[in-house]
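Q: Mind folding the following:
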Amino acid sequence: MHAAEPTLIFETRTGSRAYGLAREGSDEDFRGVVVGPASWYLGFRGGPEQIEHSADHVWTELRKVVRLAAQANPTLLEMLFTDEGDHTVVTDEGRVLLEARERFLSRRVEGSFAGYALSQLHRIRTHRRWLLSPPREEPTRSEFGLPAESAVSRDQLGAIEALEARGTLDAEGLSPNFLDVIAREKRYRAARREWDQHRQWQRERNPKRAALEAVHGYDTKHAMHLVRLLRMAIEILGEGRVIVKRPDRDELLAIRDGAFRYEELEARCEALRERLADVARSTTLPAAPDEDALDALTVELVARVHARTSR
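A: Reported below is the predicted structural model:
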């Protein structure tokens with residue numbers, strides 16, 4: 001093996017095929033864990049955190065895997081808990097990593113999985129708003145009673161918004177006219193941002209997702225993964241298990257096929273979020289992983305790979 005090449009210690013199938021949610025034409029996704037050569041750790045140039053063979057085939061350096069999995073990143077946790085039948089490469093070091101995977105589980109799962117789920121819900125809501133009531137015309141400054149060139153810089157506006165967020169803005173020390181201009185600038189910039197984001201969405205819109213939205217009024221594939229993420233978080237916190245191959249496959253695929261009206265999806269998601277909060281309060285998982293133990297694991301795996309590849 002060339003000294004500069006990374007060593008692949010674990011690789012697995014991920015995505016819809018790992019979840020058991022694949023259909024005809026579904027992509028084949030693979031993720032792997034690599035340990036770099038000694039120069040990545042001892043040299044001044046370091047090494048990459050990620051190697052992308054393609055959008056569907058990604059290797060991640062061990063330290064980044066450990067760091068993100070310790071933060072309960074759903075993508076990295078799922079990768080470590082895929083079924084054995086989905087594994088394509090498992091070296092001795094990879095096996096040690098898999099045997100230690102439960103060390104990564106903690107109450108951080110609530111925030112991370114729910115955060116990813118809510119990002120899916122935010123996209124669903126935004127796209128639905130654009131479907132039902134898209135912005136019709138590009139906003140102009142004159143519509144908001146503003147001059148062609150702004151008298152307020154982006155930095156000034158950002159500073160004022162930061163003070164407002166902290167509740168420390170002294171409005172009494174500012175003129176009513178200035179405050180009115182600031183308010184109109186904020187409304188204009190919000191409209192401008194909405195217009196630009198909508199245009200970008202139109203340009204980059206996935207044709208398959210567009211078809212789902214046209215039929216069902218929202219992106220049902222996002223909805224499927226939203227429900228999956230919330231259920232997985234409940235399982236992890238309640239049972240201490242990361243179930244990647246979904247036992248609720250048929251129901252999840254039904255959601256993708258539009259089994260829920262949009263209002264029903266919102267109601268079910270709210271119920272799942274409430275259930276997740278209840279489970280999080282009673283979970284026996286630690287607040288955070290033992291980072292000293294994970295650090296020792298990382299050192300051990302890097303040392304083992306270097307000892308083996310330097311022979």
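
Q: Show me the shaky parts of the stretch 51-200 of the chain.
A: 169-174 (pLDDT under 70).

Q: for it, what spans make up the strands?
A: 57-61, 87-90 (DSSP state E, counting those that start in this stretch).

Q: What strands line up against the shortest one, and which way round?
A: Looking back up the chat, that one is strand 87-90. According to DSSP bridges, strand 87-90 forms sheet pairs with strand 7-14 (antiparallel).

Q: just checking, what packs against the helix or strand that comes right after the strand it pairs with?
A: Using DSSP states H and E, the helix or strand that directly follows strand 7-14 along the chain is helix 16-19. Counting by 3 or more Cβ pairs under 8 Å, 6 or more residues apart in numbering; DSSP states H and E, the packing neighbours recorded for helix 16-19 are strand 29-35. Bear in mind the C-beta positions are built from the backbone N, C-alpha and C, glycine included.

Q: and the strand it packs on, what does it pack onto?
A: strand 7-14, helix 16-19, strand 57-61, helix 62-70, helix 74-80, helix 92-99, helix 291-309.

Q: quick one: the top helix by length along the chain to chain centroid distance?
A: For the chain, the helix that runs over the most residues, judged by DSSP state H, is helix 176-204. When distances are taken as Cα atoms, centre = their mean, to the nearest Å, helix 176-204 is centred 26 Å away from the chain's centroid.

Q: After that helix, which helix or strand is next?
A: helix 207-216.

Q: quick one, the helix or strand just after that following helix and helix 207-216 angle?
A: Using DSSP H and E, the next helix or strand after helix 207-216 towards the C-terminus is helix 220-239. Helix 220-239 runs at 90 degrees relative to helix 207-216, counting by axes from the mean of the first three to the mean of the last three Cα atoms, to 10 degrees.

Q: Could I get the average pLDDT for helix 220-239?
A: The predicted model gives helix 220-239 an average pLDDT of 96.

Q: Would you mind pulling up the elements that it packs against?
A: So helix 220-239, by 3+ Cβ pairs under 8 Å, 6+ apart, packs with helix 74-80, helix 108-132, helix 207-216, helix 249-256, helix 262-282.
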